[in-house]
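Undergrad: A structural model of the following input is requested.
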Amino acid sequence: MRFFSKKGFFGIAVIGLTLVGFLTGCGSALNETKKEEPATTSPKVSTKSGMPNARYYDFEDIQIPNELAMNADKSKIFQTTNMTAGVLSLDGNVEVNSLIAFFKASMAKDNWVMKGNFKLPPKSVLLFEKKGKNSIILIDEGTFSTKVEIWSIPISEAGK
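TA: The predicted model follows:
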């Protein structure tokens, strides 16, 4: 018993190749569009750490790798003359272990002290502290994209 005639097999092959071509074309078009879109906030270019593949957004002492794009709709920042607090939401196609290594190195260069970390795949959490504030970096590895939340929280020195 034959499941497909020659015409049926040929038709399925053409549809399959068309679908693959369409998906490949869409992917490259999305990458080109992504490169041309302006940033939602103007990042400060990294000058003090010597890491050319990173920049600062709203937190002037937390670097972000260029492979991560900010999600302005999910980011919430509170600023006063004395401090900046809130959460930056980012995502990109970045391998989790290299992202963890990046944050450990760049945070140390900005005088953050690592207080702990843990992995509960697909999630990882990094905890940092420096005078007057704490930072929590939440990393969630997805199938096609890695999501990152960076929390910066002021702490009272009187409570220590």
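Undergrad: Check the residue lying closest to Trp151 once chain neighbours are set aside and give its pLDDT.
TA: Spatially, and ignoring its direct neighbours in sequence, Trp151 is nearest to Ile136 (4.3 Å; CB to CB, 6 or more residues apart in numbering). All C-beta atoms are positioned from the backbone trio N, CA, C, and that covers glycine. According to the prediction, Ile136 has pLDDT 98.
Undergrad: again with the one 4 residues further on
TA: Looking at Asp140, its pLDDT is 96.
Undergrad: pLDDT below threshold where in this structure?
TA: Residues of the chain that meet the criterion pLDDT under 70 lie in 1-52, 158-160.
Undergrad: And the strands in the protein?
TA: Using DSSP state E, the strands of the chain run over residues 44-45, 54-56, 63-65, 69-70, 76-79, 84-92, 113-120, 123-130, 133-141, 146-154.
Undergrad: deepest of those strands, which one?
TA: Highest mean neighbour count among the strands of the chain (mean count of other CB atoms under 10 Å): strand 63-65, with a mean of 22.
Undergrad: partners of it, with directions?
TA: Applying DSSP bridges, strand 63-65 is found paired with strand 54-56 (antiparallel).
Undergrad: so how far is Ile155 from Ile64?
TA: Noted for Ile64: a distance of 22 Å to Ile155, by CB to CB, to the nearest Å.
Undergrad: next one: Asn134
TA: From Asn134 to Ile155 the distance is 6 Å (CB to CB).
Undergrad: Select, out of the strands of the chain, the one closest to Lys104.
TA: strand 113-120 (6.4 Å; CB to CB).
Undergrad: Run the angle between that closest one and strand 123-130 for me.
TA: Between strand 113-120 and strand 123-130, the angle comes out at 170 degrees (axes from the mean of the first three to the mean of the last three CA atoms, to 10 degrees).
Undergrad: helices or strands up against strand 113-120?
TA: With contacts taken as 3 or more CB pairs under 8 Å, 6 or more residues apart in numbering; DSSP states H and E, strand 113-120 sits against helix 96-109, strand 123-130.
Undergrad: Switch these over to JSON lines; also include distance to Asp58.
TA: Shown next, in JSON lines, are the helices and strands packed on strand 113-120 (distance: least, CB to CB, whole Å):
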{"stretch": "helix 96-109", "distance to Asp58": "16"}
{"stretch": "strand 123-130", "distance to Asp58": "16"}
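Undergrad: tally of neighbours for Thr143?
TA: 5 (other CB atoms under 10 Å).
Undergrad: separation between it and Pro122?
TA: According to CB to CB, Thr143 and Pro122 sit 9 Å apart.
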